[in-house]
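Trainee: Whatever this is, show me its structure:
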Amino acid sequence: MLGFVVQRAFQAFVVMVVMSMIVFVGVYAVGNPVDIVIPPDATQAMRAEAIHRLGLDLPLWQQYGVFVWRLLHGDFGRSFVYNMPVLDLIGGRLPATLELVLISILFATGVGVSLGVYAGVRPSGLVAKSIMGLSILGFSVPSFWVGLILILTFAVSLGWLPAGGRGETVEVFGVPWSFLTLDGLGHIVLPALNLALFKMAMMIRLARAGTREAMLSDTVKFARAAGISEGTILRRHVLKLISIPIITVFGLELGSTVAFAVVTETIFSWPGIGKLIIDSIGVLDRPVMVAYLVLTALLFVMINFTVDLVFAAIDPRVRSGKTRT
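Mentor: Numbering: from 1, shown residues only. Model (predicted):
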């Protein structure tokens, strides 16, 4: 097991090194932030001083070296626009994104798996067919269109829920959370629902396919022959058999939801890191862009690493390399 952990840790390290190079070169090859950060009426001396202060006068390989050195000391640099440490800037927006993502992914998993299992147990029923139709709709409709429809329906036409913002928050250990207040819950419903629909459709189809396969397995046949009730079979056998793919998708979708919550946060003016990166791209705030992309890559790598360890603990074949992870 120790050899397996070391191998996966080394692979994760190599991936992060390569990703940091790709991100750094890609971001620094796009545009010139000097044209945005420095006023048009600035003198040549002021312009040269700003370029030197931002470190943009160094060769690209030297800039990357400075970035890596700072990164090893936990410093992502300072924002060109906000003139504050990038980690502080992202840290101030991170709770809003985590709150939105966790609520949406837990809702999508809970509802999606439940509906998928039901559709897998009774595939011929009208309800099951309606559930599968809903999943197809969730895959087909773009999230920005769904977000606009939700705003027009529940905020503009009915006036039941607010169209944007985070609402009232409560600080717990110095971190603001909106789901702990009634006003905050009202603000989080629409963006969380919009973010959850695609994930829920995926969970429905995954759980249905796994349930259909599990119901035909020898384990379930023997359990029925032993007189075990259908409810017990579902809880003890079917859910256990479909748990590994669901855990995998849950982990990967958690990372992708954090990374790609940009559209939802922009539509609903949710003050998270997704909206921050959109604003930073507009003004070419390179340190923020690089930090966001590197941290996102780190999140995916850590989630995959954790999933690998969970698989290794569940299935000894993974540790021995006899099955693909």
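Trainee: From here on, just use CA atoms for contacts and neighbour counts.
Mentor: Noted.
Trainee: Next up, the contacts around Leu241.
Mentor: Gly210, Ala214 (C-alpha atoms under 8 Å, 6 or more residues apart in numbering).
Trainee: Tell me how far it lies from Asp218.
Mentor: Noted for Leu241: a distance of 12 Å to Asp218, by C-alpha to C-alpha, to the nearest Å.
Trainee: Correct me if wrong: Arg212 contacts Arg122.
Mentor: No: with contact defined as C-alpha atoms under 8 Å, Arg212 does not count as touching Arg122 (9.3 Å).
Trainee: Comparing these two, which residue is more hemmed in?
Mentor: Comparing Arg212 with Arg122 by other C-alpha atoms under 10 Å, the one with more neighbours is Arg212, at 18 against 15.
Trainee: name the element that one belongs to?
Mentor: For Arg212, the element it lies in under DSSP states H and E is helix 182-215.
Trainee: Would you mind listing the buried residues in that helix?
Mentor: 183-212, 214-215 (16 or more other C-alpha atoms under 10 Å).
Trainee: Repeat that for stretch 95-112.
Mentor: For stretch 95-112, by 16+ other C-alpha under 10 Å, it's 95-109, 111-112.
Trainee: And for stretch 289-303?
Mentor: For stretch 289-303, using 16+ other C-alpha under 10 Å, the buried residues are 289-294, 296-303.
Trainee: Could you tell me which of those residues belong to helices?
Mentor: 289-294, 296-303 (DSSP state H).
Trainee: Report the helix or strand with the lowest average pLDDT across this structure.
Mentor: Using mean pLDDT, DSSP states H and E, the weakest-scoring helix or strand in the chain turns out to be helix 316-320, at a mean of 56.
Trainee: so where's the stretch 1-150 of the chain shaky on pLDDT?
Mentor: Within the stretch 1-150 of the chain, the ranges that satisfy pLDDT under 70 run 1-2, 4, 29-42, 47.
Trainee: The closest residue to Val301 other than its chain neighbours: neighbour count?
Mentor: The shortest distance from Val301 to any non-neighbouring residue, by C-alpha to C-alpha, 6 or more residues apart in numbering, is to Ala12 (6.1 Å). The number of residues packed near Ala12 is 17, by other C-alpha under 10 Å.
Trainee: and if you look at Val15?
Mentor: 14.
Trainee: and what of the one 4 residues further on?
Mentor: Counted with other C-alpha under 10 Å, the burial measure for Met19 works out to 16 neighbours.
Trainee: Nothing else from me, thank you.
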